[in-house]
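Asker: When you get a sec, could you give me coordinates for this:
(one chain, ligands or ions: 1)
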Amino acid sequence: MFEELEQVKEKCLTCKKCSLHKTRTNVVFSGGIPNNKIMLIGEAPGYYEDKKGEPFVGKAGQLLDKIFDCVNLSRQKDVYICNTIKCRPPENRDPLPDEKSACREYLDKQIEILKPKIILICGRVALNSMLPEEGGITKVRGKWFDGPYESKMMPIFHPSYLLRNDSREKGSPKWLMWQDIKEVKKAYDTLLNK
Ligand code: URA
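Answerer: Numbers count the residues shown, from 1 in each chain. Sure, this is the predicted structure:
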C-alpha cells in the first residue's frame, strides 16, 4: 500500500536541494501510520528527531502522544505525522523560505498520495506554509478550513508552546488544545462512520 509514498521517501532520503543536507544526521520523512484519515504537519525536525530519523520523538512529541491518547487516537493506528521541512535547521531556528520551498514538493506529494480527510496544522510555521494568508495561530486555532483534495484542515497549537504554558485554566493554551482535540476526534469519528 502507498508504494508511491515509499518512492518519494527514497528520493527524499538522499535529497540535497538545500544546504540543510550538510548538517543533518537523518532526513525525517514521516512517522505514524500512512492512511487517509489524519495527517499532522509540524514544523521541522529538532535535535532528537534528527538523531533518530523520526518526527516528534522529543519532549514535544511525548506531549503530542499524550494529547492524542486523551481522545483514544495514536500514531500507531490513526495519525500520519510529517513536517514542513524534512531536515533539522541548525540550532532549531525557523526554516528559511528557500528551505521551505525546496522541501515543499515532498510535503505536497505526501498530501497528494495519502489524501488525508483531516489535516492538523501544528503551530505557527506549519500555518505559514499551509495557510499563509491567515493571521496568527492564536486567532485561527480550532477553526476548520477547506484543504487540498477535499480535506478539512485545522490549525492547532504546537506542543512546544504548550510546554511553555503550564496553566490548564479555562482559556489557557492547554485548555484550548483540549477543546480542539475533542473537536478533531468528533470529526474523525464522523469520517469513520461514513
Ligand atoms: N517539532 C516539530 O515541529 N516537528 C518535529 O518533528 C519535532 C518537533
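Asker: Quick check, central residue of this protein?
Answerer: residue 41 (1.8 Å; C-alpha atoms, centre = their mean).
Asker: Which helix or strand contains that residue?
Answerer: Secondary structure assigned from DSSP states H and E places residue 41 in strand 38-42.
Asker: which parts of that strand are buried?
Answerer: Applying a neighbour-count criterion of 16 or more other C-beta atoms under 10 Å, one finds 38, 39, 40, 41, 42 buried in strand 38-42. For glycine as for every other residue, the C-beta is placed from the backbone atoms N, C-alpha and C.
Asker: coming back round to it: residues contacting the residue nearest to the centre of the chain?
Answerer: By C-beta atoms under 8 Å, 6 or more residues apart in numbering, the residues touching residue 41 are 82, 83, 84, 107, 119, 120, 121, 122, 126, 129, 130.
Asker: How much space separates it from the ligand?
Answerer: To the ligand, residue 41 is 9 Å away according to C-beta to the nearest ligand atom, to the nearest Å.
Asker: Quick one: the strands in this structure, in order.
Answerer: For the chain, the strands defined by DSSP state E occupy 31-32, 38-42, 79-83, 118-122, 145-146, 152-156.
Asker: would you turn the ones you listed into a markdown table with mean pLDDT?
Answerer: Formatted as a markdown table, those follow (pLDDT from 0 to 100):
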| stretch | mean pLDDT |
| --- | --- |
| strand 31-32 | 98 |
| strand 38-42 | 98 |
| strand 79-83 | 98 |
| strand 118-122 | 98 |
| strand 145-146 | 98 |
| strand 152-156 | 98 |
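Asker: which one of these is the most hemmed in?
Answerer: Most buried of the strands of the chain, by mean neighbour count (mean count of other C-beta atoms under 10 Å): strand 38-42, with a mean of 26.
Asker: distance of residue 90 from the ligand?
Answerer: Distance from residue 90 to the ligand, by C-beta to the nearest ligand atom: 15 Å.
Asker: Number of residues surrounding that residue?
Answerer: Residues within reach of residue 90, counting by other C-beta atoms under 10 Å, total 10.
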